[in-house]
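Asks: sequence first, predicted coordinates after that:
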Amino acid sequence: MLDILELGAVEARAALDSGEISAVELASAYVAAAEETAGLNNYVALTADHALEMAAASDARIAKGEAGLLEGVPIGVKDLFCTAGYISTACSNILTGFIPTYESTVTANLWREGGVMLGKLNCDEFAMGSANETSAYGPAINPWQAADGADLVPGGSSGGSASAVAARSALLATGTDTGGSIRQPAAFCGVVGLKPTYGRCSRWGIVAFASSLDQAGPFSRNVADNALMMQAMAGFDPKDSTSADVPLQDLSAAVTLGVKGMKIGIPSEYVLDGMDPEVVKIWQQGQDWLRAAGAELVDISLPHTKYALPAYYIIAPAEASSNLARYDGVRYGKRVESESLDEMYALTRAEGFGEEVQRRIMIGTYVLSAGYYDAYYLKAQRVRRLIRNDFDTAFETVDAILTPATPSAAFPIGRKVDDPVTNFLNDVFTVPANLAGLPGMAVPAGMNGDGLPLGLQLLARPYDEATLYAAGQVLEDAAGFTANPIRRAGGVQ
Amino acid sequence: MTSNLVSGVSGEWEVVIGLEVHAQVSSNAKLFSGASATFGANPNQNVSLVDAAMPGMLPVVNHECVRQAVRTGLGLNAEINLISVFDRKNYFYADLPQGYQISQFKQPIVGEGKLRIDLPDGSSRDIGIERLHLEQDAGKSMHDQHPSKSYIDLNRTGVALMEIVSRPDMRSSIEAAAYVRKLRSILRYLGTCDGNMEEGSLRADVNVSVRRPGQALGIRTETKNLNSLRFIQQAIDFEVARQIEILEDGGEIDQETRLFDTTTGTTRAMRSKEDAHDYRYFPDPDLLPLVISQKEVDELEMGLPELPDQIKDRLTADYGLSAYDAAVIIEERETALFYEAASEGYDRKLVANWMTVELFGALNKSGQTLSKCKVLPEQLGSLVGLISDGTISGKIAKDVFAVMFETGSDAASIVKEKGLKQVSDSGAIEALIDTVIAAHESEVAEYRAGKEKLFGFFVGQVMKQSGGQANPGMVNQILRTRLDK
């Protein structure tokens, strides 16, 4: 019997068009799966009725031969995206109960192409975190379990998105990536995640974390599905001044191109002291796969890599401290009443923002203050330029770069939460692409000895997502990664 | 040049003034949102999602506001920066929804320029412009609507302002007022700001310090948000007197921001330098650097109207008007256009006189504006034409003008209808003179005995006899020959 939840998006589209399955059937199966796996806490709002209505409309369009790219495909939405009429809180208490009247450009694009909204997915509060542990809704859980049965983090900040796609409670999901928030959870959950080139996907209607780094992207269970979703969600948007008016390549076609003759860079600076040997091994494995498929491997140097994390942890909090100033209790969201305006601000923001968000606001405020601006913010911006220059130089000789996606596999919930600096290191391989504005993709490449997924990261030139899809498909084919997380078996309460 | 020095108890002081003028850009929409920028709507009617800083909303620059800033820069003979940058100025206030104002800090759209001010004595002087930048206005907090709560109106939030910063080149409150008057005039000519100070479209922050002549600059204070020329002068005069008194008493000036009290005409401290906000400026990451092409700047320059200084130069050099009359005529573009149309083909200087004295006097008295005035430019011109060709006297012309102002009729038809045509027939005038001489024999004798000031009496009598219509020049001439023979 057909297991409807095991269909990929491309396969599901074919099955829908052929009439083998209906959109309502597919949406119902996903709603049921989301309800069954509610213990993973990856949904913060399941919009079942809305999903079934949208699915019925999809069936009608399919019948009329008017199907869009994603017609009838059930999609989960990170809670950072504003969805008209549905709660949109960035998983923060300060936005408790906030229901926007407007739809983000990216989700509007998905619905325009026939996507079916399943609900809102858990994430780190204001996307600040690498383990989905800062969410006001509590942590989302990785459907993969540790060998000892302990609950693992799904990564973050788009932890709910990665968890839901891996757990088969969403066929596709949106995420956002500011320093690795798509690629790291994708790697932790054994799914495919793309951070597009900065400017590819409109930021309009997405709660801002760090405007110069934030970029929306797709989660899927395979590379071809990812290309399909990216094709639908990306595009120039005049409502976002940083949106790029650069034509999108044919990404679904790119999936079949292979890597023959492609030059792939291997950066020496991504070999870290004390890195998990299993991560080193999978990275080597990835290189061998690409070489076997006809790519030429080239040793490259990205000399300013070691400054990426410090620069990121100045720039991102600086922008965040300003972006989050609007949550002041005056117009919407939480307000703690007080006699004085200043006290109202202080009480509202102290109660509304969690610890990690407050920490970053304070760091950001500090690095922008008079007398510190030049030493921190301005210097970090110069470092950012150098990092981009590193990549530009590398891309003069290579077409793509292969690195590990994360320094380790998923870790147990609560393990690192008390040590912010160690948590920050999760982003060490992913942050440079955000600073440089480059596209990056995480692809599942294998399992470690504990049976947990490990991912590889591919980076390419700005606006060259096609190369990522071509190389990503080669890695996917070679890895033959088909394992399902055990949660799928119903092990979740 | 007249001295602007102020005498204190202990000697003379030089006043140093710089102005920051906030001019609301004339545009349909706000600087970064599509909401209407018109004045006078109901509270919170002109507010978009962007203005209210809803989550996920992004600013998109309204290019018309950019063009208006460039036009203004060109009108101020200023350098246009083809690349400029929007920064965020961060501070918390209830009427600032984003928690920051988008402004331009390090790289403004317009750099150095200059503005020529016209002083009451007819002289002119150049004042340096340091920069012009674009920024968002804040909303309005209303503290008088409820006993314990404040109300917020976001209509003004996000409306485009040009902040125009002068060099500290002004030396008296009169010069400061002349600067604002001229700036307002240029903005109105350009159509880049309506200059309506009462509605807050144009407001000034004044930086004032005093020093001994030739010494280094003194410590300055900044008095915020002055929305009339009178308040600007009052605030400066008060600050000058206050600062001189403190310094002469051996005190020091605190560098501080002050508020002007319109009821008392005094200023008071608002916040000191120590309490100054740390605005944490940084480039707005939601906006790319603002790039304009030289081609667009050139096109905007081609489209500029003739500006007040150019017109003034023409009026004084080509038409021979006094600097004062020219300055009065050119302050408003509408007036200048009226003058050009009225004086075309007539005595330019005489038309200027009639405009500045009779027409402006009548408008002032009746509280009318030029645009509502019934007298059309051509009509004023033909009235002056009737004086020039001797059809009517200047005195009669005043009566004719009064009727024109009331009814909007042509001067010629009023003259005809009321039979006011000047009598220039020498025979008729001689007859009138004979009658007057015959009726005043004793006065004639006194005059001939040397009481020459009686001449005016005879002129008056003749004019009276003529019903004011006799040509006064001819009356004078003929009367003299008759009396002196």
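Replies: Nice, thanks for sending it over.

Asks: show me where chain A has its strands.
Replies: Using DSSP state E, the strands assigned to chain A run over residues A:43-46, A:74-78, A:116-121, A:172-177, A:192-195, A:215-220, A:263-267, A:296-300, A:400-404, A:440-447, A:453-460.

Asks: what about the fourth one and chain B, touching?
Replies: Spelled out, it's strand A:172-177. No: between strand A:172-177 and chain B, judged by C-beta under 8 Å from any C-beta of the partner chain, nothing touches; the nearest distance is 10.9 Å. For glycine as for every other residue, the C-beta is placed from the backbone atoms N, C-alpha and C.

Asks: next, the angle strand A:116-121 makes with that strand.
Replies: Between strand A:172-177 and strand A:116-121, the angle comes out at 40 degrees (axes from the mean of the first three to the mean of the last three C-alpha atoms, to 10 degrees).

Asks: partner strands of strand A:172-177, with direction?
Replies: As defined by DSSP bridges, the strand partners of strand A:172-177 come to strand A:74-78 (parallel), strand A:215-220 (antiparallel).

Asks: I'd like the ones you listed as CSV, with mean neighbour count and mean pLDDT appended.
Replies: Below are the strands paired with strand A:172-177 laid out as CSV (neighbours: other C-beta atoms under 10 Å in any protein chain shown; pLDDT from 0 to 100):
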stretch, mean neighbour count, mean pLDDT
strand A:74-78, 31, 98
strand A:215-220, 30, 98
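
Asks: which residue is nearest the centroid of the chain?
Replies: Let's take chain A. Central residue of chain A (C-alpha atoms, centre = their mean): A:I182, 2.0 Å from the mean position.

Asks: please go with chain B instead
Replies: The residue lying closest to the centre of chain B (C-alpha atoms, centre = their mean) is B:R181, at 3.6 Å.

Asks: so it sits against B:V328, correct?
Replies: No: checked against C-beta atoms under 8 Å, the pair B:R181 and B:V328 is beyond contact range at 11.0 Å.

Asks: which one of the strands of chain A lies nearest to B:V61?
Replies: Nearest to B:V61, of all these, is strand A:215-220, at 21.5 Å by C-beta to C-beta.

Asks: quick one: the closest one to chain centroid distance?
Replies: Its chain's average C-alpha position is 5 Å from that of strand A:215-220, according to C-alpha atoms, centre = their mean, to the nearest Å.

Asks: and what of stretch B:286-300?
Replies: Taking the mean of its C-alpha atoms, stretch B:286-300 sits 30 Å from the chain's own mean (C-alpha atoms, centre = their mean).

Asks: now that stretch: buried residues?
Replies: Buried residues in stretch B:286-300, counted by 16 or more other C-beta atoms under 10 Å in any protein chain shown: B:286-287, B:290, B:292, B:297, B:300.

Asks: next, count neighbours for residue 204.
Replies: You didn't pick a chain, so chain A it is. 24 (other C-beta atoms under 10 Å in any protein chain shown).

Asks: not quite, go with chain B.
Replies: Using other C-beta under 10 Å, B:A204 has 27 other residues around it.

Asks: and it, how far from B:N225?
Replies: B:A204 sits 8 Å away from B:N225, going by C-beta to C-beta, to the nearest Å.

Asks: so what's the closest residue to chain A within chain B up against?
Replies: Closest approach of chain B to chain A (C-beta to the nearest C-beta) occurs at B:G99, with a separation of 2.3 Å. By C-beta atoms under 8 Å, 6 or more residues apart in numbering or on different chains, the contact set of B:G99 is A:322, A:324-326, A:328, B:53, B:90-92.

Asks: at 10 Å instead, please
Replies: The neighbours of B:G99, taking C-beta atoms under 10 Å, 6 or more residues apart in numbering or on different chains as the test, are A:321-328, A:330, A:345, B:53, B:88, B:90-93.

Asks: in chain A, where's the longest helix?
Replies: Counting by DSSP state H, the longest helix found in chain A is helix A:379-397.

Asks: return the list of helices and strands in contact with it.
Replies: strand A:263-267, strand A:296-300, helix A:308-323, strand A:400-404, helix A:431-436, strand A:453-460 (3 or more C-beta pairs under 10 Å, 6 or more residues apart in numbering or on different chains; DSSP states H and E).

Asks: would you map the helices across the stretch 51-200 of chain A?
Replies: With DSSP state H, counting those that start in this stretch, the ranges of helices along the stretch 51-200 of chain A come out as A:105-112, A:159-166, A:183-189.

Asks: what pLDDT is listed against the residue lying closest to the residue of chain B closest to chain A once chain neighbours are set aside?
Replies: Nearest residue to B:G99, sequence neighbours excluded (C-beta to C-beta, 6 or more residues apart in numbering or on different chains): A:A325, at 2.3 Å. At A:A325, the model reports a pLDDT of 98.

Asks: what does A:M1 give?
Replies: With respect to pLDDT, A:M1 scores 54.

Asks: contacts only, for A:G352.
Replies: A:92-96, A:125, A:136, A:324, A:327-329, A:333-336, A:358.

Asks: out of these, which are buried?
Replies: Buried subset of the contacts of A:G352 (neighbour count, 16+ other C-beta under 10 Å): A:92-95, A:125, A:136, A:324, A:327-329, A:333-335, A:358.

Asks: test my guess that the residue nearest to the centre of chain A contacts A:V165.
Replies: No: using C-beta atoms under 10 Å as the test, A:I182 is too far from A:V165 to be in contact (11.1 Å).

Asks: any shared contact partners between those two?
Replies: Residues touching both A:I182 and A:V165 by C-beta under 10 Å, 6+ apart: A:158, A:173, A:175, A:191-193, A:218-219.
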